[in-house]
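A.B. asks: return a 3D structure for these sequence lines:
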Amino acid sequence: MVDWIEIILRSLFILVGLFIITKLLGKKQLSKLSYFEYIVGIIIGDIAGSLSMDVEASLFHGVTSILIWTLISVFLSYISMKNKKVRDFVEGKARVFIKDGKILEENLKKERFTTDELLEMLRKKSVFSASEVEFALLEADGELSVLLKRDYRTIKPAELWLHLPRDKEPKTLIMDGEIIKEVLTEVGHNEAWLKKILSDKHVQIDDIFLAQLHSDGKLTLDYYEDGMLEVE
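C.D. replies: Residues are numbered from 1 along each chain as shown. Modelled structure (predicted):
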C-alpha cells in the first residue's frame, strides 16, 4: 500500500478510536481533569500521533497500548468514585488560601502560589481587595472558590424577607426558523397562539433564529438580522 494512503487510513481509524475513547472517559473539561487523567491524555495522544505517521509501527500493538491506558484511567476513575482516599490521591485535595479574612502564606507555599497569582485569581472573581474575602479555597481542579465577608456580599431576596417566584429554564419555542411543537405543547400553548403573537409584531417565523418563553411569561425573539425583541 502506498505510504500516504496508509497514513490517511491510519489517521482516520485513530481519530474514530480517540473519539470513542473520549466519549467513554466522560465529559470532563480540560481544566477539570485530574493529574493522572492529564498524563494519560498526553500518553495516548503521543501514541496516536506516532501510529498515524509511522507506517512501520505496529497498529495492533499501538491500539493495544491505547486500550490499556484507557482501561487504567476508567478503572481509577471508578475506584476514585468509591474511595475518598484514592480520589484525594488521584485528583488532589482542596487547599485553604484565606480563612477568617487572613491569607495563609504556608498554604500558598505548599501549592507554589505567589501572592500576585492569588490576587490575580481574586480579580477574576471581581474581587479587587483581599480584605473583602472571608474564605477562599483552591479547588482540586485549580479554580478558586471565594466567600466574601458579609458586608461585601450581594443582598439576597430571602434576607429582605421577599418571596419571589421560582425561576425555571426558558423553553425554546422556535429554533433556526422552525417551531418546536413538543415544547409548545409542553408549555400549554399551540401554534395559533404563537403565530398570533408574531403576527402582531409583523414578524414571520422564517425571520426568527431563536424564540424562548421565560418563566415570567415573557417571550424573547432573536432575529436572523441581529436583533432581539422582548414580548410581554
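A.B. asks: every contact and neighbour count from this point should use C-alpha atoms.
C.D. replies: OK.
A.B. asks: got the phi and psi for Phe209?
C.D. replies: phi -80, psi -40 (degrees, to the nearest 10).
A.B. asks: which of the helices and strands in the protein ranks last by mean pLDDT?
C.D. replies: strand 228-231 (a mean of 56; mean pLDDT, DSSP states H and E).
A.B. asks: any idea how this protein splits into domains?
C.D. replies: Under the assignment automatic domain parsing, the domains of the chain span 3-89, 95-152, 171-231.
A.B. asks: could I get the ones you listed in JSON lines, plus columns for mean neighbour count and distance to Ala158?
C.D. replies: What follows is these, written out as JSON lines (neighbours: other C-alpha atoms under 10 Å; distance: least, C-alpha to C-alpha, whole Å):
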{"stretch": "domain 3-89", "mean neighbour count": "14", "distance to Ala158": "33"}
{"stretch": "domain 95-152", "mean neighbour count": "15", "distance to Ala158": "14"}
{"stretch": "domain 171-231", "mean neighbour count": "15", "distance to Ala158": "19"}
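A.B. asks: for these, which one sits closest to Leu164?
C.D. replies: For the domains of the chain, the distance to Leu164 is smallest for domain 171-231, at 11.0 Å, taking C-alpha to C-alpha.
A.B. asks: on that earlier part again, just send the domains of the chain back as JSON lines, with distance to Leu160 too.
C.D. replies: Below are those laid out as JSON lines (distance: least, C-alpha to C-alpha, whole Å):
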{"stretch": "domain 3-89", "distance to Leu160": "37"}
{"stretch": "domain 95-152", "distance to Leu160": "14"}
{"stretch": "domain 171-231", "distance to Leu160": "21"}
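A.B. asks: among those, which is nearest Pro165?
C.D. replies: Nearest to Pro165 among these is domain 171-231; the distance by C-alpha to C-alpha comes to 8.5 Å.
A.B. asks: pass me the low-pLDDT residue ranges in this protein, would you?
C.D. replies: For the chain, the stretches with pLDDT under 70 are 1-2, 25-32, 226-232.
A.B. asks: hey, where'd the strands end up in it?
C.D. replies: With strands called from DSSP state E, the chain shows them at 95-99, 102-103, 133-138, 144-148, 171-175, 178-179, 208-213, 219-223, 228-231.
A.B. asks: could you dump those into JSON lines with distance to Lys124 added?
C.D. replies: Listed next are the strands of the chain as JSON lines, based on distance: least, C-alpha to C-alpha, whole Å:
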{"stretch": "strand 95-99", "distance to Lys124": "16"}
{"stretch": "strand 102-103", "distance to Lys124": "18"}
{"stretch": "strand 133-138", "distance to Lys124": "13"}
{"stretch": "strand 144-148", "distance to Lys124": "9"}
{"stretch": "strand 171-175", "distance to Lys124": "31"}
{"stretch": "strand 178-179", "distance to Lys124": "39"}
{"stretch": "strand 208-213", "distance to Lys124": "31"}
{"stretch": "strand 219-223", "distance to Lys124": "30"}
{"stretch": "strand 228-231", "distance to Lys124": "29"}
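A.B. asks: quick one: closest of the ones you listed to Thr115.
C.D. replies: Per C-alpha to C-alpha, nearest to Thr115 of the strands of the chain: strand 102-103, 9.2 Å.
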